[in-house]
Each structure stands twice: as C-alpha cells, then as structure tokens.
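Enquirer: make a model of this:
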Amino acid sequence: MKIRKALFTPGVSSFFFDDQKAVKQGAVHDGFVYSGKAVTGGFRSIRISGQSVSVNLKLENGMWAAGDCAAVQYSGAGGRDPVFLSSEFIPFLEKNLKPLLEGYDIKSFRQAAGFFEQLKFGGKIMHTAIRYGISQALLDAAALIRQKSMADIIIEEYNCVPVLQRVPIFGQSGDNRYENVDKMILKQVDVLPHGLINNIEEKLGRDGSKLKEYIAWLVSRIKKLAVNKSYYPVLHIDVYGTVGTIFNNHATKIADYLVSLESCAYPHELYIEGPVDMNEKPAQINVLSEIKQELEKKSARVKIVADEWCNTLEDIREFTDARACHMVQIKTPDLGGIQNTIESVLYCRENGMEAYQGGTCNETDLSSRVCVHAALAARPHRILAKPGMGFDEGFTIVNNEMERTLAILREEHK
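Expert: Just a heads-up that it's a prediction; the model follows:
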C-alpha cells in the first residue's frame, strides 16, 4: 500500500535539552535553569526547551500513521548528534523527505525502514531524530495496513518467539531523587531510581560518600514504604562518568568503590550506569572492560552499564563483542530508526549481554508507546518509563501501553 500524503508538524518533547559538558563542569542550578554559559555547539544556553517533529503519513486506505522525531536530553555529548530543533529540520523534511515518502509503497516495515535509514543528503546520513520518527510512522503504517499491533508486525518480520509477559519497567527520578522514589515504591516499579548523579559536589561527593548515603537511604526507604514485603526492586543508578572523575579513571579504584556501593545496596541488585566517560569509544571500551574484570576478580555482584559512546547498532555490537560491561543501554533515539533498537536487543540476547531498552526523558508519548511494542517483541531485560522527569506520566504511558498490548497479543495468539 502506498503513502498518499506526508505532513510534518512541530511539537514539544517532554523535557529539555541540557549541555552535559557544562553540567559536568559544575554549572549551578538557578531555579529550574542553569547559570553560566553553554560550552557544547548548538546550545544557546545550558538548558533549552525540548522539541519534536511529528511525521504523519496518509495511506491509500485513508488511515493516518504517525511517529515522532525526538532526540536525547544530552544531545551533542558522548558522540551523539547535535540538538534537534524543529525550526531547522522541518524545512529539510519538506524539501527532501516529502517527495520520497509520498508515493512510496510499503511492502514491509523492515524494507521501508531500511530504505529511509540509509538515505544520505550532501554525503551525510540524516539526523538520528529524523530516522527515529520516520521509522515509527512506517511501523505504525505497516500495522494499520495489516490490521495488527505494531508488536505483532515486529514479531512476524524478525521471527521473534512471542513471550506474552511484561518487560520490567525502570523508573526515572530526575533531580527529584527522593519524592519520586516514594512514588516508585508505592507503585512497585521493577527497577529504580536512575538518580541523575551528574554532579560531583551535589550528588556524588569528592570521596563518593554522598552516593553511598543515597543508596543506603534507598534501601531503608523501600523497607519502610513497601506494602508487599517481598518487593525487592533492582537499583540502577546513572553516574554520568563522575565516579571515573573522582578516581582519575583508575579501574581498580573504581571497582573497589563499586564493591562498597554493593554493600550499601544489600539485599538489592545494583547496576551502575556510566561509571566512566573516556571521551572516545575505544578508550571507553577498554576502561569499562578493565573495571568489569576487576569486579569479576572480586566476585562482585554489582554490575556496570554502558551508555556514553555506545550510541549505534554498530557500537552496541562492539561493546557486546568486547564483553566490556554487564549491560548496555540501547538509547532508542540515538540509534536512529526503531529497527536498530529491535536488532540491538536481539543481538544482545543472542550474545549473552543484558539489554536495557532506554531512551530519554526528552521523548514524546507517541515515541514511548512505539518503544513498548518493540520491547514486547524483542524482549530486553528492562525498559525505561518515559517520557518526562516526573515519573508518574512516563510510567503511566509505558505501563498502560504494555498492558493493553499484552491483552491484545494474548487474544491474538490463543
């Protein structure tokens, strides 16, 4: 079935674009914004309002498919594409993508997504946000054409075995690292709290003591508030390379510190995301590998998660093949087309790597719902509750889309 019309509309995303480098260098909060000057290209200030672009495709049967172009909060950092502003990219879409989309015959999602993924203009592949949004709309279109859920389209085209069970959901606290944890506990989230440990002085401590205190508080708070006494959520904390900074990226010292965090987290499983940021991929893989080896020598239970410099399908394969970590974050907008997220999860599962299908607070309700379908088909170890930093909204969107889709899949696969 062919696409008859393509429309591109400006939208807002659920959070903001932040200059990660400026934040790491000690930018101070001034209310909700940061004081000081931006240091990353494309940022006119350290925090700017998040934007999105909706891709709307009218099919020959009169139905409309949709997807949202969106980019991560920390755009322009860790090897990622620059800030995605609708005013800059809608003209590009109108000029270059509209003629290609209108009249395109969607025979399968994989074929269509692959075609638009590889397009180059001026010798360059399109911004990840554009590829992300286009692929969502194509997946929705394939589902509408075949009168199936998006999850079923993925299951069929990627030969996945249907597993009609929930994927564990990971709650994201944002800077409200205490009150939002209470909400997560009351709603019995599977994995919490992310924590946003992106500043040494405020959140980690020069000797790491502030993070230890926070983890100890998490354990006591869960014990105090959990109605179900068998509720033991996994603790997953993102430290944005700050641990490496205080220990000069020394693998043994970092591993020793992570082991001490493991003790604080008992009896919960503990994952530490982004312990170092080496400012390039080869060094990132090497140092993460060294940390993992040190942890294995100590028979530690704490696990490390790759994030920075692990942005594409090819990156994820490299980190996985190198056994550089225990888990990789598959940060969905950074991979471009949603098909790359699906293939990344499947590659991790086939090669013994835990997969965290993440993303960003800076997405939209639509992109988050599409990601649920990808997760139910490909089966990562956990999926991020998104978008936004308020927790409740993102958890509602992801949880309810998961339950609705599971009910449909169970009915269809009887």
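Enquirer: ok, residue 225 touching residue 186?
Expert: Yes: using CB atoms under 8 Å, residue 225 is in contact with residue 186, at 6.6 Å. (Glycine included, C-beta is placed from N, CA and C.)
Enquirer: so which of the two has more stuff around it?
Expert: residue 225 (14 against 11; other CB atoms under 10 Å).
Enquirer: what residue, apart from its backbone neighbours, is nearest the more buried one spatially?
Expert: residue 185 (4.5 Å; CB to CB, 6 or more residues apart in numbering).
Enquirer: residues contacting that neighbour?
Expert: For residue 185, the contacting residues are 192, 221-222, 225-226, 231, 233, by CB atoms under 8 Å, 6 or more residues apart in numbering.
Enquirer: please report phi then psi for it.
Expert: phi -70, psi -50 (degrees, to the nearest 10).
Enquirer: distance check, it against residue 222.
Expert: From residue 185 across to residue 222, the span is 6 Å (CB to CB, to the nearest Å).
Enquirer: state the pLDDT value of residue 25.
Expert: Residue 25 carries a pLDDT score of 84 in this model.
Enquirer: so the closest residue to it other than its chain neighbours, which state does it fall into?
Expert: Among residues not flanking residue 25 along the chain, residue 39 sits closest, at 7.0 Å (CB to CB, 6+ apart). At residue 39 the chain is in coil, as set by DSSP: H, G, I helix; E, B strand; the rest coil.
Enquirer: what about residue 39, how many neighbours?
Expert: Neighbour tally, residue 39, other CB under 10 Å: 15.
Enquirer: who touches it in this structure?
Expert: 19, 21-22, 25.
Enquirer: top of these by neighbour count?
Expert: residue 19 (28 neighbours).
Enquirer: and the gap between that residue and residue 128?
Expert: For residue 19, the distance to residue 128 - CB to CB - is 18 Å.
Enquirer: over to residue 80?
Expert: 7 Å.
Enquirer: need the overlap of contacts for the two.
Expert: Residues touching both residue 80 and residue 128 by CB under 8 Å, 6+ apart: 71, 334.
Enquirer: returning to that earlier point: now, the contacts of residue 39 that are in strands?
Expert: Using DSSP state E, no member of those falls in strands.
Enquirer: show me those residues that map onto helices.
Expert: With DSSP state H as the criterion, helices contain 21-22 from among these.
Enquirer: closest to residue 102 among the contacts of residue 39?
Expert: Set against residue 102, the nearest of the contacts of residue 39 by CB to CB is residue 19 (37.3 Å).
Enquirer: so how far is residue 25 from the closest one?
Expert: 9 Å.
Enquirer: residue 55: what secondary structure?
Expert: Strictly by three-state DSSP, residue 55 counts as strand.
Enquirer: that one: what's it in contact with?
Expert: 6-8, 66-69, 93, 133-134, 136-137.
Enquirer: hmm, 10 Å instead?
Expert: 6-9, 65-69, 93, 97, 101, 130, 132-138, 140, 366 (CB atoms under 10 Å, 6 or more residues apart in numbering).
Enquirer: buried members of those residues into ChimeraX, please.
Expert: Buried residues among those (16 or more other CB atoms under 10 Å), as a ChimeraX selection:
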select :6,8,65,66,67,68,69,93,97,101,130,132,133,134,135,136,137,138,140,366
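Enquirer: so where do the helices sit in the stretch 201-350 of the chain?
Expert: 209-225, 242-246, 251-265, 281-297, 313-321, 338-350 (DSSP state H, counting those that start in this stretch).
Enquirer: who are the packing partners of the fourth one?
Expert: Pointing back at helix 281-297 there. helix 242-246, helix 251-265, strand 303-306, helix 313-321 (3 or more CB pairs under 10 Å, 6 or more residues apart in numbering; DSSP states H and E).
Enquirer: got the CA positions of the first one in CSV?
Expert: Read that as helix 242-246. Provided in CSV are the C-alpha atoms of helix 242-246 (Å, rounded to 0.1, in the frame of the first residue of the first chain):
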residue,chain,number,x,y,z
THR,A,242,31.5,11.1,37.6
VAL,A,243,32.9,8.1,39.5
GLY,A,244,35.7,7.9,37.0
THR,A,245,36.4,11.6,37.5
ILE,A,246,37.0,11.3,41.3
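Enquirer: same question for that helix, mean pLDDT?
Expert: According to the model, helix 242-246 has a mean pLDDT of 97.
Enquirer: which residues touch it?
Expert: Under CB under 10 Å, 6+ apart, the answer for helix 242-246 is 24, 197-201, 203-208, 211, 239, 249-251, 253-254, 257-258, 261, 272, 274-278, 284, 287-288, 291, 304.
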